[in-house]
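Colleague: Structure for this input, please:
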Amino acid sequence: MTQFRFCTPLALAAAAGLGLTGLSWAQGTPPIIAPPAASISSPDTQPAGQGGTSGDRPVNRSGNTSGATGATGSAAQGGTHGGTAPAGTAGQAPATAGSTPAPAATDGKPAHADSAFMNQAAQNGHMEVEAARVALKKAQNQEVKEFAQRMIDDHTKAAQELNTLATAKNHSLPDGPSLLQKGKLKLLGTHDGAKFDRNYVEELGPKAHRETIELFEKGSREAKDPDVRAYAQKTLPTLREHLSMAEKLERDTRSERKGTTR
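Modeller: Next comes the predicted model:
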């Protein structure tokens, strides 16, 4: 006796599906098999060619990139990957603007022209400073005192630089004015008040500064040692400024004398 079994609708659908699959396979078309769940891209991965990386590399969606950003981010903030400091920061002293390089030391003696220039420059500087000190004590005119103070400041600085230069060149400088200059200083000290002012301007004013400028111009052209030439060239602008000051002082004191005699 044949027995009939009642099948559920789900079982009938499954059987129909197997029948259709078998029919398609029989007709030469392979069945379509759904990929396993493990191969389906998850929300946190992207396939290559769509903004992701090869091999479904995870993409960090928190706003930061990994690896390369960490290596280069420090470089954008003043450093480089591996801790190398950028040029011009740590370990480097800034260059000083306007700084003068130290003169090169020599074993031998300087050329005769160079030693003669340095000797005369030193003696003229001593004369300027010593006469200015006398002027601070004996001058009557305030402008004369101000001029004298400027001579002390500038010629003292120039003398220090000249001593450094002479030491590097193995040369000994005179420690005071020449004999002729000492005689003039002694005579200058015998005057007081307005008479002192007049004699100081005559001896240490425009005439003396023109002679010193001529000396330094010659040294800047003819000195054999480049450091000696550089010293002369560096000092010339200050000497020319002194000449302008001395010419003005001469005009002012002359006008003052004319006013007092009327």
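
Colleague: Neighbours of A131, how many?
Modeller: Using other Cβ atoms under 10 Å, A131 has 22 other residues around it. Every C-beta, even on glycine, is put in place using the N, C-alpha and C of the backbone.

Colleague: To clarify, my last question referred to T156.
Modeller: 13.

Colleague: again, but for the one 4 residues further on
Modeller: Counted with other Cβ under 10 Å, residues neighbouring Q160 total 11.

Colleague: Work out for me the element it sits within.
Modeller: Remark: Q160 resides in helix 142-168, with elements defined by DSSP states H and E.

Colleague: Show me which positions of that helix end up buried.
Modeller: 143-145, 147-148, 151-152, 154-155, 158-159, 162, 165-166, 168 (16 or more other Cβ atoms under 10 Å).

Colleague: swap in stretch 111-126?
Modeller: Buried residues in stretch 111-126, counted by 16+ other Cβ under 10 Å: D114, S115, F117, M118, N119, Q120, A121, A122, Q123, N124, G125, H126.

Colleague: Next one: T253 from K137, what distance?
Modeller: T253 is 18 Å from K137, where distance means Cβ to Cβ, to the nearest Å.

Colleague: Look at the two and report which has more neighbours.
Modeller: Neighbours were counted for T253 and for K137 using other Cβ under 10 Å; T253 has more, 21 against 11.

Colleague: Who are the packing partners of the host helix or strand of A232?
Modeller: Using DSSP H and E, A232 falls within helix 226-261. Of the remaining helices and strands, those touching helix 226-261 by 3 or more Cβ pairs under 8 Å, 6 or more residues apart in numbering; DSSP states H and E are helix 112-138, helix 142-168, helix 193-204, helix 206-222.

Colleague: A102: neighbour count?
Modeller: Residues lying near A102 (other Cβ under 10 Å) number 10.

Colleague: can you tell me the helix or strand for it?
Modeller: Using DSSP H and E, A102 falls within no helix or strand.

Colleague: hmm, back to that, out of the buried residues of stretch 111-126, which two sit at the greatest distance?
Modeller: With Cβ to Cβ as the measure, no two of these lie farther apart than D114 and H126, at 19.0 Å.

Colleague: about what we covered before: tell me which residues of the helix holding A232 come out buried.
Modeller: 227-232, 235-236, 239, 242-243, 245-246, 249-250, 253, 256.

Colleague: what sits against A122?
Modeller: For A122, the contacting residues are A159, L162, A166, L173, P174, by Cβ atoms under 8 Å, 6 or more residues apart in numbering.

Colleague: And for it, nearest residue in space, chain neighbours not counted?
Modeller: In this structure, A122 finds its nearest non-sequential neighbour in L173, 4.3 Å apart by Cβ to Cβ, 6 or more residues apart in numbering.

Colleague: again with T106
Modeller: Computed as Cβ to Cβ, 6+ apart, the closest residue to T106 that is not its neighbour in sequence is K169, at 5.5 Å.

Colleague: any idea how far that neighbour lies from E241?
Modeller: Taking Cβ to Cβ, one finds K169 at 27 Å from E241.

Colleague: do G189 as well
Modeller: Note on G189: its distance to E241, by Cβ to Cβ, is 27 Å.

Colleague: Any stretches of the chain with poor pLDDT?
Modeller: When residues are selected by pLDDT under 70, those of the chain lie in 1-100, 257-262.

Colleague: One more pass at 80, please.
Modeller: 1-101, 105-107, 255-262 (pLDDT under 80).

Colleague: list the contacts for N141?
Modeller: A194, D197, T253, E256.
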